[in-house]
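S.K.: my questions concern the predicted model and sequence given below.
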Amino acid sequence: MSQPRLYGELAYLWPIISPPGEYLEEAEVWRQAIRDKLGQGRHRVLELGVGGGHNLSHLTGDFQATAVDLSPQMLDLSRMLNPGVEHQLGDMRTLRLGETFDAVLIHDAITYMLTEHDLAATFETAKSHIRAGGLLIAAPDWVRENFRAPMVFHWERNGVINGSDIQVTVQEYLHDPDTSDTEIESVYTYTIVEDGQQRVEQDTHTTGLFPMATWTRLLREAGFQVETVQLPANEGGYGGFIFVAELGK
Ligand SMILES: C[S@@+](CC[C@H](N)C(=O)[O-])C[C@H]1O[C@@H](n2cnc3c(N)ncnc32)[C@H](O)[C@@H]1O
């Protein structure tokens with residue numbers, strides 16, 4: 001399966017389409033969840049699928065982070081935003097760094113796991129990077145129970161990248177082409193005005209959709225005790241909660 005264009009040649013738009021400031025409130029919930037389970041201290045965290053590092057950028061003041069992503073372009077963005085963080089190219093399903101952390105964080109990147117097999121492999125990766133008694137936090141955009149199709153989202157953002165004024169209008173058509181499998185599809189149209197020049201780009205993201213019971217079963221099978229924590233409400237209802245999973249001691 002090919003990577004979405006947004007994480008390839010269009011990655012430079014990520015800080016405009018989804019700016020770091022929009023993650024502030026959510027990151028506070030992540031910080032609290034880590035503190036609640038692990039107590040005070042500059043815990044060592046590993047983020048898998050860090051993307052542009054926008055969520056992570058609100059946590060690096062409190063925690064010592066390492067970050068991994070499949071996309072070199074997204075890693076470059078995160079490196080710029082999070083200079084004190086060690087970054088590595090890797091796939092969350094197969095990565096083995098040979099070290100353990102107090103917590104593994106997987107933000108919306110977990111959404112790109114398309115099958116139970118992918119999810120189980122990612123939980124194994126997380127487990128092999130977490131010390132006994134440590135934590136995994138994962139944040140799917142949707143679960144079967146809160147998903148309704150089709151949905152259409154629309155937003156506009158602007159900013160300056162490398163001295164160019166850029167305005168992006170994003171339209172997302174999210175639907176479920178085949179309800180018998182665990183995949184859904186977002187068809188994106190990006191209308192980009194860059195230094196006064198307009199162009200339109202299209203992109204398709206295939207993501208996974210699973211019932212809550214599948215998430216909790218797979219996490220338990222991997223050795224975690226699971227609870228869910230509510231996130232602040234956002235436009236469109238994306239990512240309503242996080243799974244907070246503790247590894248047995
Ligand atoms: C929506 S972006 C993450 C944005 C991030 N939460 C932020 O705050 O900037 C999703 C990321 O998941 C990454 N990704 C997708 N599949 C992956 C995999 N198998 N292993 C590692 N990263 C993956 C993509 O390359 C992309 O950077």
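M.R.: All right, it came through fine.
S.K.: going by C-alpha atoms from here, please, whenever you check contacts or count neighbours.
M.R.: OK.
S.K.: tell me how far the spatially closest residue to Leu209 that is not a sequence neighbour lies from Phe210.
M.R.: On the basis of CA to CA, 6 or more residues apart in numbering, the spatially nearest residue to Leu209 that is not a chain neighbour turns out to be Thr182, at 5.1 Å. According to CA to CA, to the nearest Å, Thr182 stands 6 Å off from Phe210.
S.K.: ok now do the residue nearest the centre of the chain, which residues does it touch?
M.R.: Residue closest to the average C-alpha location in the chain (CA atoms, centre = their mean): Asp108, at 2.4 Å. Residues near Asp108 by CA atoms under 8 Å, 6 or more residues apart in numbering: 138-141, 239.
S.K.: out of these, which sit inside strands?
M.R.: When these are checked against strands (DSSP state E), the matches are Ala138.
S.K.: what about whichever helix or strand Gln202 is part of and the ligand, touching?
M.R.: Assigned by DSSP states H and E, Gln202 belongs to strand 197-208. No. Against the ligand, strand 197-208 shows no contacts by CA under 6 Å from any ligand atom, the least distance being 9.3 Å.
S.K.: do stretch 91-105 as well
M.R.: Yes. If you take CA under 6 Å from any ligand atom as the test, stretch 91-105 does meet the ligand, through 91-93.
S.K.: Met151 pairs with what?
M.R.: With DSSP bridges applied, Met151 shows beta-bridge pairing to Leu174.
S.K.: next: the one 5 residues further on.
M.R.: According to DSSP bridges, Thr169 are recorded as the beta-bridge partners of Glu156.
S.K.: test my guess that it contacts Glu172.
M.R.: No. Checked against CA atoms under 8 Å, the pair Glu156 and Glu172 is beyond contact range at 11.7 Å.
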